[in-house]
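*Asks:* need a 3D model of the sequence below.
(chains A and B)
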Amino acid sequence: MNYRYKVGCSIENLKGVRDFIRASLKENGVQDLEISEIVLALDEMCSNLMIHAHHCNPDDLFEIHITVEKNNSVVFEIIDDGTVFDINQFDEPGIDSIIHEKRKGGLGIRLVKTIMDKVEYHNRSGKNVCRLVKNIHFPKP
Amino acid sequence: MIHIKRLQEDGADVIALVGEIDASSSIELDLAIAKSVGEGFTKILVDCSALEYISSAGLGVFMSYIEEFEDKHIKMVLFGMNEKVANTFEILGLNELLQIGMDKVQAKKLIQ
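*Replies:* Next up is the predicted model:
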């Protein structure tokens, strides 16, 4: 199954992004707790993109594609033509330094890397594609 | 979208979170806690029973107060989280760094 969603870079739109991801995964029988973790990771990636690459400009659009590979994994692609914000290039700060330096942003990258099985970046026809893969344990029918 | 209600019980400030906290609304959580601290409360209970979602932006707000609260001897206890919200705190082990109670009764014991 494939799903697509186009969204403007306003952080007010994050709720719509979450609802889209929840509905798409629910339809494929992914379990609630797993959905909530995936939503958390995607929320983080999209809010980073909106804030850091697009400075919350609501006229800048990007797309989210979801491909559910039955009984195996879910692939999320965030397709955008702004600046690449490659989380693999960032050293995730330790929890201690997050507390000490009051870094309100440091937790997100750690969350994404913990939740997702793979995070890769590609260039496809001049667009940046961030590809996140999550292996899913689908309940037996 | 988050609604935040504050009320005082037995000398503690109770901050009730209703709805979802993400990058667009975490500032409101930050302001509510800052206000409580500014008014001199040293016991802060955070009622999460109607909190449906919290993103890393919201987690970051709680984390940012840990040191200040230790310095100022302010106690904060969160309580009433649903399974998904509790799991969000557990993914990075933040449940070990913050005080979290099952319900208000337990939270009030923890804050004494």
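*Asks:* how about the residue nearest to the spatial centre of chain B, what does it touch?
*Replies:* Residue closest to the average C-alpha location in chain B (CA atoms, centre = their mean): B:Val46, at 3.8 Å. By CB atoms under 8 Å, 6 or more residues apart in numbering or on different chains, the contact list for B:Val46 reads B:Val14, B:Ile15, B:Ala16, B:Leu17, B:Met76, B:Val77, B:Leu78, B:Phe79. Any C-beta I mention is one placed from the backbone N, CA and C, and that applies to glycine too.
*Asks:* now these in TSV, with secondary structure and distance to A:Cys9?
*Replies:* TSV is the format used below for the contacts of B:Val46 (DSSP: H, G, I helix; E, B strand; the rest coil; distance: CB to CB, whole Å):
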residue	secondary structure	distance to A:Cys9
B:Val14	strand	36
B:Ile15	strand	30
B:Ala16	strand	31
B:Leu17	strand	26
B:Met76	strand	34
B:Val77	strand	37
B:Leu78	strand	31
B:Phe79	strand	36
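*Asks:* can you tell me which of the residues you listed is nearest A:Arg22?
*Replies:* Closest to A:Arg22 out of the contacts of B:Val46 is B:Leu17 (19.9 Å), distances taken as CB to CB.
*Asks:* that closest one contacts B:Arg6, doesn't it?
*Replies:* No: the pair B:Leu17 / B:Arg6 is not scored as a contact, 10.5 Å apart, by CB atoms under 8 Å.
*Asks:* chain B against chain A: which residues are in contact?
*Replies:* Counting by CB under 8 Å from any CB of the partner chain, chain B comes close to chain A at B:1, B:20, B:22-24, B:26, B:53, B:55-57, B:59-61, B:63-64, B:66-67, B:83-84, B:87-88, B:91-94, B:97.
*Asks:* which helix is the longest one in the chain?
*Replies:* If you meant another chain, say so; for now it's chain A. Taking DSSP state H as the assignment, the helix of chain A that covers the most residues is helix A:32-48.
*Asks:* I was after chain B.
*Replies:* Assignment by DSSP H gives helix B:26-38 as the longest helix of chain B.
*Asks:* report the buried residues of that one.
*Replies:* For helix B:26-38, burial by neighbour count (16 or more other CB atoms under 10 Å in any protein chain shown) applies to B:Ser26, B:Glu28, B:Leu29, B:Asp30, B:Ala32, B:Ile33, B:Ser36, B:Val37.
*Asks:* now the longest strand belonging to chain B: buried residues?
*Replies:* Ranked by residue count and defined by DSSP state E, the top strand of chain B is strand B:43-54. Buried residues in strand B:43-54, counted by 16+ other CB under 10 Å: B:Lys43, B:Ile44, B:Leu45, B:Val46, B:Asp47, B:Cys48, B:Leu51, B:Tyr53, B:Ile54.
*Asks:* look up how far B:Ser49 lies from the residue lying closest to the fifth one once chain neighbours are set aside.
*Replies:* With CB to CB, 6 or more residues apart in numbering or on different chains as the measure, B:Ala16 is the residue that lies nearest to B:Asp47, at 4.0 Å, once sequence neighbours are left out. Using CB to CB, to the nearest Å, one obtains 8 Å as the distance from B:Ala16 to B:Ser49.
*Asks:* need the overlap of contacts for those two.
*Replies:* Shared contacts of B:Ala16 and B:Ser49 (CB under 8 Å, 6+ apart): none.
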